[in-house]
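S.K.: Predicted coordinates and the sequence they were generated for:
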Amino acid sequence: MAKKSSLVINLEYAALRFFCALVNFIPYRVAMIMASFIGVIVVDVFRLKRKRTIERLKSVFPNKSNSELRYIARRSFINILKTGVEMIRAPRLSRGWMDKFVVDGKLYKDKLQEYVDEGKGVVIMVPHTGNWYMAAWSMAKYGLQLSALAARQRNPKIDAWMKSQYGQINVIDRSNKDALSKIKQCLLSGGAFAILPDLRVNKRDVEVDFLGGKANVSHSGAMFAVYTGAPIVVAAMRRENGKHVFTHLATLRPDTEAKDKRAEACRLTKQAMSYLDGFVHRHPGEWFWYNKRWILQPPSK
């Protein structure tokens, strides 16, 4: 991948900071209303990638009407815009803000802390639904020792900005050669590790039933649990009445005595994905249907 020139790096970063200044200037509720309005215009007037998205939705929900499918597509795109607004405003989201806009956030933090207090940490699997970042931001704001993986951005200045937006979360660079050992250390030291199940794996890994088809999913998140004995909390975020709802779907316990650890990790991965599949079917408008590369695309090798 070609490196960006210093001119391009600075222009991109300047544009980002200018846009961030505008978003931060506008009151939060007004910004959310504007995101909804822009989303409707983009999806229903300009119809940006709507045809492709509707086709994806129709393959998963063949019995839904066209108007229902358009509603889901519209809500999904609006959610992306709202998540972007909240990412920009993330450093300003105080604990008081969490109390107001994250339903029972402190309660869920205390539940996760109970797992952490068992001494083996906890692995939290959260999909691309609602504002998935909010699950991490809120838990960290309430005091949970939380780590997460993040991919490095091509623009180094934007990469530094992204990492600053994570706030109290310990961000581990996905490309770091010591990333795996750092995650293991995080769990064994009594921390929590949050991961989004990787649905964009090119190399063949774990085939799971997902959204009416077969998805190729990474087993790495579950493997950390198998090696450390940490429980896996499967959860999802959704938006409801202008607030964020943290939904606990299941707690999976790894068999640390399993002789074939990879097979055990694959079993846990399939279980977790079945819960996530059920959640998306119940709340389709919360899912990231505009993903650039459709999750049911078969692996290249």
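M.R.: Yep, that arrived. Predicted model, so just to flag it, every value in this text is computed and none were measured.
S.K.: Downstream of the least confident helix or strand in the chain by mean pLDDT, the next helix or strand is which one?
M.R.: Across the helices and strands of the chain, mean confidence by mean pLDDT, DSSP states H and E is lowest for strand 213-217: a mean of 87. Per DSSP states H and E, the first helix or strand lying C-terminal to strand 213-217 is helix 220-228.
S.K.: Show me which residues of that next one are buried.
M.R.: 220-228 (16 or more other Cβ atoms under 10 Å). For the C-beta atoms, the positions are set from N, CA and C on the backbone; glycine is no exception.
S.K.: Tell me how many other residues surround Lys157.
M.R.: Here the count is done by other Cβ atoms under 10 Å, and Lys157 has 16 residues near it.
S.K.: As a check, name the ranges of all strands in the chain.
M.R.: 102-103, 122-125, 146-150, 170-173, 192-195, 206-210, 213-217, 232-240, 243-252 (DSSP state E).
S.K.: Deepest in the core, which of those is it.
M.R.: With neighbours taken as mean count of other Cβ atoms under 10 Å, these reach their highest mean count in strand 122-125, at a mean of 26.
S.K.: Show residues contacting that strand.
M.R.: Here strand 122-125 makes contact (Cβ atoms under 8 Å, 6 or more residues apart in numbering) with 112, 115-116, 135, 139, 187, 192-197, 221-222, 224-225, 230-235, 272, 276.
S.K.: before we move on, what about stretch 14-32?
M.R.: Stretch 14-32 is contacted from outside by 34, 82, 85, 88-89, 92, 158, 161, 242, using Cβ under 8 Å, 6+ apart.
S.K.: which non-adjacent residue is nearest Met273?
M.R.: Nearest in space to Met273, with sequence neighbours left out and distances taken as Cβ to Cβ, 6 or more residues apart in numbering, is Val208 at 4.3 Å.
S.K.: Pull the contacting residues for the one you found.
M.R.: By Cβ under 8 Å, 6+ apart, the residues touching Val208 are 214-215, 217, 269-270, 273-274.
S.K.: Check it and give its pLDDT.
M.R.: Here the pLDDT value assigned to Val208 is 90.
S.K.: Any figure for the gap between it and His128?
M.R.: Val208 sits at a distance of 15 Å from His128 (criterion: Cβ to Cβ, to the nearest Å).
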